[in-house]
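Participant: Need a 3D model of the following:
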Amino acid sequence: MLQLLTFLVEKLSLFSTFKLFESSWADAGEDRERRTQPPPPPPPPLRRGDLLEVPRSVFTHYGIYLGDNKVAHLIPDILPVFSNDKKLIGSVITNKRLILGCIYKCATVRVDTLEDFAYGCNIRINHMDRSMENGALPNEEAAERAEKLIGAVPYSLLWCNCEHFATHCRYGSAVSRQTEKFCECLKSTIRDQRSVIVTGLLGLISIVYFGMAPTTTLPTVLIPFTLWMAG
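Facilitator: Predicted coordinates:
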């Protein structure tokens with residue numbers, strides 16, 4: 001038994017030593033590959049009036065660079081409804097403040113540092129210039145447009161969001177590609193007759209679970225009917 005244990009220990013030690021050499025060879029190969037590859041080109045320097053994009057989890061946030069590490073951007077915020085403390089309002093907007101601002105339809109065009117605007121994400125510069133029909137305005141004019149709009153503004157997820165603000169400043173026309181994609185997706189959902197079946201089944205389930213009542217029966221009839229007519 002002792003001999004068997006000794007044999008297993010020797011084999012395991014040899015195997016671990018082999019793995020150690022194998023990993024060191026792999027690391028050395030990766031180091032050589034990194035040294036042979038050219039370094040990525042540095043990002044272009046930011047200019048006053050540039051349109052900045054920050055990809056977030058489900059949407060892209062937009063702003064206009066004002067120079068001196070400052071960015072003007074439109075962002076929902078509930079805090080100005082309850083407070084006039086400029087120092088408190090100027091703090092970094094939390095997700096709770098942003099969501100409540102969307103619900104209350106209250107937003108501000110504010111100036112933040114580049115780091116606070118990026119929020120840890122990578123920044124793209126003037127990425128929309130190639131796809132917009134209207135050419136970009138002079139950079140100084142774009143920055144001045146953004147500065148004139150600083151302050152409280154009404155907010156609409158579909159009609160007045162951060163992308164509308166940035167494209168108005170940069171191109172002279174307030175548009176939102178994100179809104180257009182959402183509306184196209186919504187229209188395709190309405191046109192799909194399977195949505196009528198799904199909403200009808202959900203309505204029947206609510207009637208079975210909550211009982212027959214106007215609050216369950218009317219939506220069960222009206223929503224599928226509306227989707228059917230719209231499709």
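
Participant: Alpha carbons only: can I get stretch 131-149 in CSV?
Facilitator: The C-alpha trace of stretch 131-149 is given here as CSV (Å, rounded to 0.1, in the frame of the first residue of the first chain):
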residue,chain,number,x,y,z
SER,A,131,-24.8,58.2,-41.1
MET,A,132,-26.6,61.5,-40.7
GLU,A,133,-28.2,63.1,-43.7
ASN,A,134,-27.4,66.6,-42.4
GLY,A,135,-23.8,67.4,-42.3
ALA,A,136,-22.2,68.3,-39.0
LEU,A,137,-22.3,72.0,-38.0
PRO,A,138,-19.1,73.8,-37.1
ASN,A,139,-17.8,72.5,-33.8
GLU,A,140,-18.0,75.9,-32.1
GLU,A,141,-21.6,76.3,-33.1
ALA,A,142,-22.5,72.9,-31.8
ALA,A,143,-20.9,73.7,-28.4
GLU,A,144,-22.6,77.0,-28.2
ARG,A,145,-26.0,75.3,-29.0
ALA,A,146,-25.4,72.9,-26.1
GLU,A,147,-24.4,75.7,-23.7
LYS,A,148,-27.6,77.7,-24.5
LEU,A,149,-29.8,74.7,-23.5
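
Participant: gap between that stretch and the chain center?
Facilitator: With Cα atoms, centre = their mean, to the nearest Å as the basis, the distance from the averaged C-alpha position of stretch 131-149 to the chain average is 22 Å.

Participant: tell me the mean pLDDT over it?
Facilitator: Stretch 131-149 shows a mean pLDDT of 94.

Participant: Could you list the buried residues of that stretch?
Facilitator: By neighbour count on 16 or more other Cβ atoms under 10 Å, the buried set for stretch 131-149 is 132, 136-137, 139, 142-146. C-beta coordinates here come from the backbone N, C-alpha and C atoms, glycine included.

Participant: Repeat that for stretch 50-59.
Facilitator: Using 16+ other Cβ under 10 Å as the test for burial, stretch 50-59 gives 50-54.
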